[in-house]
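> no sequence for this one, just the structure:
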């Protein structure tokens, strides 16, 4: 079902795609193009986005927003300027469009979790567990920027900040590369990115969190998990059961309290009203369907879609802090531009608070 | 079912307890006592254990072994000396006696997980989520030594090291106290221990891990969880389902592979052969039953039981490193006495390894 | 996302649908129509299908095939005759296209379950639990044929027979209508179908089974569940977790055996190779996508797709036997055309076999 | 841990058992015995119970109460007469003492499920899946009365009636023996009981239910499961997770509703207050501990314990109706002494009610 393959693109005019360009500059120059969806590798995001915004095209950009904070800053500034002219931009953190995570966000926003204290976020895959799996561009720093950190970690940083309603203010991190060389053609090639990234975090509202991204968690295929504990309630999510949200309502009387398995397919649930009857599940692609619907609606309504490039930049700064901490003996590293920890103890940066 | 209540103790001679002493020194001095089980608060462990061992009594000591590394070192030295005289000692890490965790250990020891790469260990409770819950001695550093770190963290450090077959060589840590004062009598009292402790770790065999201990994970009643991923297999455990082990066998063909829910109640399973038919569960107290059986068998066989005080000391050193790191901006802190990281890159201490 | 709404249909020629007819006879008469997908209520299936097949159109017909055995017999006969002329027909038991159920079928077909002994099949929904929910055509016998039996029961009868590789030879049944009148406009209307249908069954290969279909299982939104136990293995499935199959391999050594949670998203799994990387789930609509792909492939290859109308008829006969048994004090009722129970004890019809 | 082994019994007077008799008549005749616990095979229950009650001993009798309805009737009558003299009797349906099932019962009794409509009860084991497993007395009708029906079915009939608060008024049943001969010494022996028993039921309050008992559900070790759906709520239980109850509260707003996993270990839960802190599980044996506590408390309080012999008789009558229906082509068979179906449609006996 890989629509848009090269073969398809070769048949332009045959009604599969309305038209095709093989040079992004030509695309950006066309008058009949109003929106550019940037799905290229990270090292080209900034250049394309800046050109498209300058040309007055709305932009949807894949995550992570860029390969560096500097690029992301330039993109966020350009997006701000474009927004003033009615040109919209959005970063493709598609997991915000999972109905169960959108419900989690709504519960936190409604105060149902009370004061948020704990975040636990992991993104576990296993496709590199086999040490003889071949080299790919994703394992080269010059191409991919980073390894599991940018690919998987970016998702959980954004999801955690969004759901918890707090931003990460500082981190202590560790990265590891388990398999240092991999087969490539007739020889071997060096892996120059992280295989796994683990970090502790503090949030602007006083919460603390653990994060882990890895491609070596054998048996976990796409376990993007988020658990948030507050003073009044808790939520837990696992993308491998993406239609379910676990919710613990601390207001329930003790003998009846328990994590509820909410099947997020009711008409009242985010996005779900547009689909099937209750209990009929949605799949991965509808994170993109919802994303596109939200983006197009925002454009039609003349408002900025979320998350904008400023939020992409915020994630980029967390990733940069993670790499900086890992390179400096895990020392506590504040996230640039993030406010102090929200519990009024701004001077503390990872030290024991007891 | 709180056997041993004061009322019971008042009826000595009435056949409930064979006899009772209210001064531990008197107990240790008795000729008819062969074994001392130390269940007192941590600040008295060392004194009692040293006296009991000197008096030739076998000793079972609650965890954590002591309130400081210095005390634990003295205890381990005394245990070594006593062992030479046939006097046995054991530290009460009772979770090693959960059949499912013993099965996990056996699978790792048999090589079924291959090279261990990831450890994920949490111990989540929620009894302090309510900010108005009253002060207790457990929240005072002078009595309890530390908070969730020593109470809950000690268990997962021991379990992780034991199951993974690797020791923790260094950590980066963060601790937090969410509620700083609590009601006490007619006033309030200051909480002087950690409410939560989070840390990253490296292991002697090259694995990396995340650890978290907290009493604020609302809805999690006793979620002592351990997940270990290796190159050949993975295991996952949650004490709230203590009779189950999840095992992923990477040798299974891909279309048939999946985490197996093993009900650890078969005659072939650790400890289970002594109990019920398959599918009839065991409860918490049998962690103690198994512990006592193992200790008494070791004494009868004239061998040292496991875990001995040396292992209790090893855990104590990890806890000390956690507190030291948390007090020093989360900087990477080696664990005293632990060998270098087992992947031959001893110079690295938490820095990025890419 | 209700494509095909009236509004859409009003804009014919506007490229949403290639064209629209509002009279099925006009549709069947068109030369440029090669395939007819019958999604109308059950009482019109036979007429449309017979006309379409006679006109040389391939036919995909929704389930249940018809509202009576007589209609289904005529349709199956017409399908047979049409097949001889290269015209294909298929009944839309779309749950056969759930990858996890297709994997279950493959495991049974490969002998991995050994001799199949037990089938447990339920289809639980809850949208009628509220006794004040309004009347609909689905609750009128003249329109819907039956209630939960035809709507939900048809699916689990087909799925059970297909996965187990055995046909139902006889049943003992009970039906119930919990709420006998429902609000309709300003008055109330009588419910003339079953709210729930429960039955016991014997299968051609010697297995025994329980079946239940209901719309009153409060909290169960679309719990189409199937469990099959054999002498060598077992499988379990729940549509509310439609990307997962539980498989117990009896060949595993006892200490390592357990139901495996197979995430049916691997490239080697049925249908899944055409979609996302492992762990990225599919949703309900792809049961239809797969169905269409299978049908079109069969047409292109010049072979009969499965399940054909003969299998739709087989299900219809089971439904008829269920209603007959329920109307005759649950007495054992053989299924017309089904062979004897496969264990060589054909004389037995539900009586105790001990 | 098999206390009470022959070796123990040989050491009478050595304080393990206070004393031992090898002839039950001698036991019943002793003045210092106040309570008799009948754990012998079913064919001796009646004789022992009648003698013990006549001798003024309180009696706890294993389930099923007897091997026939006639015996059970005599026992219930004797129990009634004894109760008038202050002598108590109880039948050992120990699953009523599982805290999670006691909580389920309390929720139904409190009206939290509303009108109960559906019962789903299975008791699945797998120890006979292997066709070469040897013959045992449990597979002989003369010894065991019946097979899985009396051994496993009795438990779920009692549990279902008790939790649902309704009695079974009629059944339609099917029994099966999959393996007809089994190895015995050097030859083979005939199996003369059911391997599996399946039945449909109606309840006195209008609910309908399915029941299944089998020892051939490969992979299910002790899956005693009960699900009850009402107009206002639902519960689900599985003994393989015996400390958990799933509860769906239909009063929750739709977007927040879901089955709650209640860990039945809170101080407010039935029995649990006497044990550990929350989240520390109980095992199988405490069904007996609770049973003994309840019995002794009733005796001390001078009230009749539950369930009494009358309830054991009620279960016996259901088992008899199951066997009668299975022997008569599954025809609907009323349960002797049970009232009419509680929905005011007493004339209906399994026929379709639409």
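Cool, got the structure. Model, not experiment: these values are computed from the prediction.

> buried sites along stretch A:244-254?
Buried residues in stretch A:244-254, counted by 16 or more other C-beta atoms under 10 Å in any protein chain shown: A:244, A:245, A:246, A:247, A:248, A:249, A:250, A:252. All C-beta atoms are positioned from the backbone trio N, CA, C, and that covers glycine.

> Just checking it against chain D, any contact.
Yes - for stretch A:244-254 and chain D, the contact criterion (C-beta under 8 Å from any C-beta of the partner chain) is met by A:245, A:247, A:249, A:252, A:253, A:254.

> which residues touch that stretch?
A:100-101, A:103-104, A:107, A:112, A:114, A:230-238, A:257-264, B:129, B:218-219, D:256, D:258, D:260, D:266-268 (C-beta atoms under 8 Å, 6 or more residues apart in numbering or on different chains).

> at 6 Å what do you get?
Outside of stretch A:244-254, the residues within contact range by C-beta atoms under 6 Å, 6 or more residues apart in numbering or on different chains are A:100, A:103-104, A:232-237, A:259-262, A:264, B:218-219, D:266, D:268.

> now these: which count as buried?
For the contacts of stretch A:244-254, buried by 16+ other C-beta under 10 Å: A:100, A:103-104, A:232-237, A:259-262, A:264, B:218-219, D:266.

> shaky segments in chain A?
Across chain A, residues meeting the criterion (pLDDT under 70) sit at A:1-15, A:339-354.

> hmm, back to that, inside helices: which ones of the contacts of stretch A:244-254?
Of these, the ones assigned to helices by DSSP state H are A:100, A:103, A:104.

> what does the domain assignment say about chain A?
A:6-93, A:95-308+A:314-334 (automatic domain parsing).

> quick one: the residue minimising distance to the centre of chain A from residue A:295, how far?
Residue closest to the average C-alpha location in chain A (C-alpha atoms, centre = their mean): residue A:155, at 2.5 Å. As judged by C-beta to C-beta, to the nearest Å, residue A:155 and residue A:295 stand 18 Å apart.

> Same question for residue A:123.
Using C-beta to C-beta, one gets 24 Å for the distance from residue A:123 to residue A:295.

> so residue A:198 touches residue A:176, yeah?
No - the criterion here is C-beta atoms under 6 Å, and residue A:198 misses it with residue A:176 at 7.9 Å.

> Tell me which of these two has more neighbours.
residue A:198 (30 against 27; other C-beta atoms under 10 Å in any protein chain shown).

> wait, what's in contact with the more buried one?
Residue A:198 sits next to A:174, A:212, B:200, B:210 when contact means C-beta under 6 Å, 6+ apart.

> That one belongs to a strand, doesn't it?
Yes - checked against DSSP: H, G, I helix; E, B strand; the rest coil, residue A:198 lies within a strand.

> Sort out for me which of the contacts of residue A:198 are in strands.
A:174, A:212, B:200, B:210 (DSSP state E).

> Which single residue of the stretch 51-200 of chain A ends up nearest chain D?
residue A:103 (6.9 Å; C-beta to the nearest C-beta).

> Flag every residue of chain A that's near chain D.
A:254, A:255, A:258, A:259, A:260, A:261, A:262, A:266, A:268, A:269 (C-beta under 6 Å from any C-beta of the partner chain).

> for the helix or strand containing residue A:80, the distance to its chain's centre please.
Using DSSP states H and E, residue A:80 sits in helix A:69-84. The chain centroid and the centroid of helix A:69-84 are separated by 18 Å under C-alpha atoms, centre = their mean, to the nearest Å.

> Who are the packing partners of that helix?
Applying 3 or more C-beta pairs under 6 Å, 6 or more residues apart in numbering or on different chains; DSSP states H and E, one finds that helix A:69-84 contacts helix A:45-54, helix A:309-326.

> that older thread, so which of the buried ones among the contacts of stretch A:244-254 also contact chain C?
Answer for the buried ones among the contacts of stretch A:244-254 near chain C: none qualify (C-beta under 6 Å from any C-beta).

> mind listing what the closest residue in space to residue A:45 that isn't next to it in sequence touches?
Closest residue to residue A:45 apart from its sequence neighbours, by C-beta to C-beta, 6 or more residues apart in numbering or on different chains: residue A:66 at 5.1 Å. Listed by C-beta under 6 Å, 6+ apart, the contact set of residue A:66 reads A:45, A:46, A:72.

> so what's the last one up against?
Residue A:72 makes contacts with A:65, A:66, A:313, A:316, as judged by C-beta under 6 Å, 6+ apart.

> likewise the second one?
Contacts for residue A:46 were tallied using C-beta under 6 Å, 6+ apart; they are A:66, A:71, A:75.

> if we go to 10 Å?
A:38, A:61, A:65-68, A:70-75, A:78 (C-beta atoms under 10 Å, 6 or more residues apart in numbering or on different chains).

> Now that we have these, which of them are buried?
By 16+ other C-beta under 10 Å, the contacts of residue A:46 give A:38, A:61, A:65, A:66, A:67, A:68, A:71, A:72, A:73, A:74, A:75, A:78 as buried.

> before we move on, back to that, with distance to residue C:22 as extra columns, can I get the ones in helices among the contacts of stretch A:244-254 in a markdown table?
Output for the ones in helices among the contacts of stretch A:244-254, formatted as a markdown table (distance: C-beta to C-beta, whole Å):
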| residue | distance to residue C:22 |
| --- | --- |
| A:100 | 40 |
| A:103 | 40 |
| A:104 | 45 |
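
> closest to chain C among those residues?
residue A:100 (11.6 Å).

> My understanding was that that closest one contacts residue A:241; is that so?
Yes - using C-beta atoms under 10 Å, residue A:100 makes contact with residue A:241 at a distance of 8.5 Å.

> Overlap of the contact sets of the two?
residue A:263.

> since we're on residue A:25, how many residues are nearby?
Residue A:25: 11 neighbours (other C-beta under 10 Å).

> which residues does the closest residue in space to residue A:41 that isn't next to it in sequence contact?
Once flanking residues are discounted, residue A:41 sits nearest to residue A:143: 6.1 Å by C-beta to C-beta, 6+ apart. By C-beta under 10 Å, 6+ apart, residue A:143 lies in contact with A:41, A:42, A:43, A:67, A:136, A:137, A:192, A:193.

> Check which helix or strand residue A:64 maps to.
Going by DSSP H and E, residue A:64 is not part of any helix or strand.

> And it, how close does it get to residue A:307?
12 Å.

> swap in residue A:100?
In terms of C-beta to C-beta, residue A:100 sits 18 Å off from residue A:307.

> which one of the buried residues of stretch A:244-254 is nearest residue C:321?
Nearest to residue C:321, judged by C-beta to C-beta, of those is residue A:244 at 37.1 Å.

> Enumerate the beta-bridge partners assigned to that closest one.
Beta-bridge pairing for residue A:244 (DSSP bridges): residue A:263.

> Going by residue numbers, what spans are helices in the stretch 151-300 of chain A?
Along the stretch 151-300 of chain A, the segments classed as helices by DSSP state H, counting those that start in this stretch run A:154-164, A:285-301.
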